[in-house]
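S.K.: Make a model of this:
(one chain, ligands or ions: 2)
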Amino acid sequence: MKTVKSPFKFKGGVHPDYNKELARESAIERMATPAELVVSMSQHLGAPAKCIVKAGDFVRRGQLIGEKNGFISVCVRASADGQVKAVEKRLGPAGGMADAVILDTTAALPEDLPPVEPLKPLDWKNATREELLKRVEEAGICGMGGAGFPSAVKLNPPPGKRCEYLILNGAECEPYLTADFRVMLERADRIRTGVEIMRKILGMPAVRIAIEANKPEAIAAMEKAFADIEGNVEIVVLPVLYPQGSEKHQIYATVGRVVPEPPALPIDVGCVVENVGTVAAIADAVEKGEPLLERVTTVSGDAVANPKNVLAPSGTKYSDLLAFCGGTKEDAAKVISGGTMMGFAVSSLDIGTTKTTSGLLFLTRKKVFQYSSQACINCGRCLRACPMNLNPAEISKAVESDDIKTAEDAHVMTCIECGACSFGCPAYRTITQYCRRAKNSIRARMAAERAAAQAAKAANP
Ligand code: SF4
Ligand code: SF4
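M.R.: Numbers count the residues shown, from 1 in each chain. Ligands and ions are numbered 1, 2, ... in the order given. The predicted structure follows:
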């Protein structure tokens, strides 16, 4: 095992204020289970899980409450004992509505409630690849870095595709967030075990552990944990540059390969990328039989009394997370779910955390940029910042005029929504939102076209 500097630098990128000092020294703290959880059926990328409980049901921690509902989907398990108060549509962090199980965790369980068959610890060294994959799936694991891609799908490349590089994403380039940093410091042994399990599933690929240079403690922790590992394993120290944590840019920065335009995936260039927290969760699911029921979330921002890295059960309401951190010391002008570059501003604290809730930020008026969007002055700054070689100015102007076709022709579907274009635009244009709007519109059109094609096929079999 050796540590090397990244030999590849991607085009574009920006240097936002990182503000990580607020929470980086805060060791992971477990919070007690709150009285009510809002457990979403849509905690991952793909089809929401199918809820299999109803109001009045009693459930035990770890019990399946949502079944995987398609190839790209993930099951959901109860993150605490309790009684289902309701199953209803609830607001998610990204603004959409999804079915959620509202769980009263103070309810006493009936004495005759049958026990839940727990997942049994697996001896991964002697388990088969299929047993390990099944475990990742039944533990409900998805990428915890933000995208939420089902891990069991990612770890099972389609026929003809082979994983040559397993890349661990420890970049955590989003401002304020320190959850992954703390996991690397405090759970290094779990990451090591998770890597060994994943290597076995993927047929022993080379391993690259990607960490930005501004996290020397995490680099040291990984060096120690992996010191005696055998095979082709390297820690790759990345330059501090946003969006270094983007999957595509990390692949380029570590192994110099370029993922083609969608629908191409990392596996098309022989790579699988997984977030460090996810890797630790895979170790726990296999070795200890623990499903993914909780995660570390950074609660930070200059409005928070005591910024922390909090280990909380899935479904913990934002209001409870804030209360655990002592509430606000100043009025929060903006609340963001995730980081400041790619996160979503939220208007309610009744939202429950999911498997992908990496951060929750409370920012005062001093930190919230006050602006009103103006006309583009063609300065070209967004073109230089875009790490995907797009023309964000052209796309934003097209979407502003409802010309989605021009945005599509300008390859808006390759936009990774990193926010680098909006950052520093002197006209304060909400370019990333324009890109999101165009992508949603194109996806909706494609779904309608697929549905129409299926209906036509069904009518004329
Ligand atoms: S940075 Fe803003 S003003 Fe400059 S070209 Fe891009 S959209 Fe226009
Ligand atoms: S256009 Fe998309 S990929 Fe390019 S900088 Fe903006 S958000 Fe990032």
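S.K.: Mind checking the pLDDT average for the top helix by length along the chain?
M.R.: In terms of residue count, the longest helix belonging to the chain (DSSP state H) is helix 431-459. Averaged over helix 431-459, pLDDT sits at 91.
S.K.: same deal with stretch 44-64?
M.R.: 94.
S.K.: Only C-alpha atoms, please: export it in CSV.
M.R.: C-alpha atoms of stretch 44-64 as CSV (Å, rounded to 0.1, in the frame of the first residue of the first chain):
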residue,chain,number,x,y,z
HIS,A,44,-32.5,6.1,-2.5
LEU,A,45,-32.2,6.6,-6.2
GLY,A,46,-34.8,4.7,-8.2
ALA,A,47,-38.3,3.4,-7.5
PRO,A,48,-39.5,4.1,-4.0
ALA,A,49,-39.9,1.0,-1.7
LYS,A,50,-43.4,-0.5,-1.5
CYS,A,51,-44.7,0.1,2.0
ILE,A,52,-45.9,-3.1,3.7
VAL,A,53,-47.2,-1.7,7.0
LYS,A,54,-50.3,0.2,7.9
ALA,A,55,-51.5,2.6,10.6
GLY,A,56,-51.8,0.8,14.0
ASP,A,57,-49.1,-1.9,13.2
PHE,A,58,-46.4,-2.5,15.7
VAL,A,59,-42.9,-2.9,14.3
ARG,A,60,-39.5,-3.8,15.7
ARG,A,61,-36.2,-2.2,14.9
GLY,A,62,-34.8,-3.8,11.8
GLN,A,63,-38.1,-5.1,10.6
LEU,A,64,-38.8,-4.8,6.9
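S.K.: does the spatially closest residue to residue 354 that is not a sequence neighbour count as helix, strand or coil?
M.R.: Sequence neighbours aside, residue 43 is the residue nearest to residue 354 in space, at 3.8 Å (criterion: Cβ to Cβ, 6 or more residues apart in numbering). Yep, even glycine has a C-beta here, placed from its N, CA and C like the rest. Under the three-state scheme (DSSP: H, G, I helix; E, B strand; the rest coil), the conformation of residue 43 reads as coil.
S.K.: what's the longest helix of the chain packed up against?
M.R.: The elements that helix 431-459 packs onto, with contact taken as 3 or more Cβ pairs under 8 Å, 6 or more residues apart in numbering; DSSP states H and E, are helix 392-400, helix 404-409.
S.K.: circling back: mind checking the backbone torsions on the residue nearest to residue 354?
M.R.: Torsion angles at residue 43 (phi, psi; degrees, to the nearest 10) stand at phi -100, psi 10.
S.K.: Out of the helices and strands packed on helix 431-459, the one nearest ligand 2 is which?
M.R.: helix 392-400 (3.9 Å; Cβ to the nearest ligand atom).
S.K.: Neighbours of residue 71, how many?
M.R.: For residue 71, the count of nearby residues is 9 (other Cβ atoms under 10 Å).
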